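> model this:
(one chain, ligands or ions: 1)
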Amino acid sequence: MPPREAAAAEKALRRTVIATALAMSREGLSPGRSGNVSARWRTGMLITPTGMAYETLAEEDIVYVEDNGSTPGATRVPSSEWFFHQAIYRTKPEANAVVHCHSPSATSLACARKPIPAFHYMVAIAGGKDIPLAPYATFGTPELARAVVETLGRSKACLMANHGQIATGPTLEAALDLAREVEMLSRQYLDVLMLGEVHVLDDAEMERVLLKFATYGQQPAQPPVSRPSRRRSTGKTSKH
Ligand SMILES: [Zn+2]
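Model (predicted):
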């Protein structure tokens with residue numbers, strides 16, 4: 001990419017990281033300024049800084065963290081959770097964005113150390129038959145990064161014991177959408193747990209759902225031709 005285009009692309013990505021963090025905060029997904037957002041960039045990532053209100057962020061506050069952990073040219077300190085963001089980019093080539101937050105219902109389940117089973121077919125949106133739970137490790141440590149990537153495996157999202165949730169995606173928009181879905185499913189699952197018995201869909205049904213999700217939205221649109229031609233055949237539209 002020519003230098004001028006690369007600079008413009010980086011500026012745009014920095015703005016999208018800020019917009020994503022603001023949306024996360026505005027929607028109540030990251031109470032008390034919890035959470036952080038990053039996007040893959042060059043051989044590292046652009047990530048929100050530690051300890052700053054999202055409302056005050058400017059493009060230059062977003063920190064570029066190289067794969068080796070250095071922060072060339074940065075004026076801010078990156079989020080203390082950059083380890084697991086880095087570990088995700090290293091192990092999941094399809095992930096270009098990571099959203100981490102302590103959204104209320106996902107965090108409640110995570111604190112009860114309950115992964116989300118297939119109580120609703122929509123759990124397939126995270127790419128598997130459940131939304132797994134990463135074992136507990138202290139925040140900001142390489143141990144937590146290891147626990148997260150081992151748990152994510154083929155899943156695009158997970159809960160984190162006694163902590164919160166992580167959602168990944170090909171874009172920042174997709175990762176934020178998934179974080180919203182995980183929070184919604186968590187709230188619904190909490191309601192189901194309070195009602196009593198949980199009816200979990202079996203593996204065969206979830207295989208079917210995953211297959212449908214894999215092809216959903218990729219079907220050619222139905223051509224809207226059948227009705228006009230039928231009308232014509234009645235002779236009532238002969239003016240055409
Ligand atoms: Zn956190």
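> in the chain, where is pLDDT below threshold?
Within the chain, the ranges that satisfy pLDDT under 70 run 217-240.
> now the strands for the protein?
For the chain, the strands defined by DSSP state E occupy 36-41, 44-47, 63-66, 97-101, 133-134, 157-160, 164-169.
> in the third one, what's buried?
Just to be clear, that refers to strand 63-66. Val63, Tyr64, Val65 (16 or more other CB atoms under 10 Å). In short, each C-beta sits where N, CA and C put it, glycine included.
> what's near enough to touch the last one?
For Val65, the contact set (CB atoms under 8 Å, 6 or more residues apart in numbering) comprises Gly44, Met45, Leu46, Ile47, Thr71, Ala74, Pro78, Trp82, His85, Gln86.
> same check on the first one?
Val63 makes contact with Leu46, Ile47, Thr48, Pro49, Thr71, Ala74, Arg76, Val77, Pro78, Ser79 under the criterion CB under 8 Å, 6+ apart.
> what's the distance between it and Val149?
Here the criterion is CB to CB, to the nearest Å. By it, Val63 lies 21 Å from Val149.
> what does Gly51 give?
25 Å.
> more neighbours: which of the two?
Using other CB atoms under 10 Å, the more surrounded residue of Gly51 and Val149 is Val149, with 19 against 9.
> that one and Pro142: what is the separation?
In terms of CB to CB, Val149 sits 11 Å off from Pro142.
> anything in contact with each of these two?
Contacts common to Val149 and Pro142, judged by CB under 8 Å, 6+ apart, are Ala87.
> check contacts around Thr171.
By CB under 8 Å, 6+ apart, the neighbours of Thr171 are Asn96, Ala97.
> what segments of the protein are helices?
Using DSSP state H, the helices found in the chain span residues 3-26, 82-91, 104-111, 142-152, 172-195, 203-215, 226-234.
> out of the ones you listed, the one nearest Ala126 is which?
The closest of those to Ala126 is helix 172-195. By CB to CB, the value is 6.7 Å.
> okay if I get the contacts of Val65 as CSV plus neighbour count and distance to Asp130?
Converted to CSV, the contacts of Val65 look like this (neighbours: other CB atoms under 10 Å; distance: CB to CB, whole Å):
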residue, neighbour count, distance to Asp130
Gly44, 22, 31
Met45, 26, 27
Leu46, 25, 31
Ile47, 27, 28
Thr71, 17, 36
Ala74, 16, 38
Pro78, 24, 31
Trp82, 23, 27
His85, 31, 23
Gln86, 24, 26
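> sorry, back to before: Gly28: which of the strands of the chain is closest?
Distance to Gly28, taken as CB to CB, is lowest for strand 97-101 among the strands of the chain, at 9.7 Å.
> ok, and what's touching that closest one?
Contacts for strand 97-101 (CB under 8 Å, 6+ apart): 20, 24, 29-30, 34-40, 45, 81, 84-85, 88-89, 164-172, 174-176, 178-179.
> export it as CSV, just CAs?
What follows is strand 97-101, C-alpha atoms only, in CSV (Å, rounded to 0.1, in the frame of the first residue of the first chain):
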residue,chain,number,x,y,z
ALA,A,97,-11.0,-7.3,15.6
VAL,A,98,-11.5,-8.0,19.3
VAL,A,99,-14.1,-6.5,21.7
HIS,A,100,-13.7,-7.3,25.4
CYS,A,101,-16.3,-6.1,27.9
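> the inter-axis angle of it versus helix 172-195?
Taking axes from the mean of the first three to the mean of the last three CA atoms, to 10 degrees, one finds strand 97-101 and helix 172-195 inclined to each other by 40 degrees.
> now do strand 97-101 against helix 3-26, angle only.
Strand 97-101 runs at 20 degrees relative to helix 3-26, counting by the same axes, to 10 degrees.
> which member of the buried residues of strand 63-66 is positioned nearest Arg14?
Tyr64 (8.9 Å).
> run a quick neighbour tally on the closest residue to Gly127 other than its chain neighbours.
Nearest non-adjacent residue to Gly127, counting by CB to CB, 6 or more residues apart in numbering: Lys156, 4.5 Å away. Neighbourhood size, Lys156 [other CB under 10 Å]: 23.
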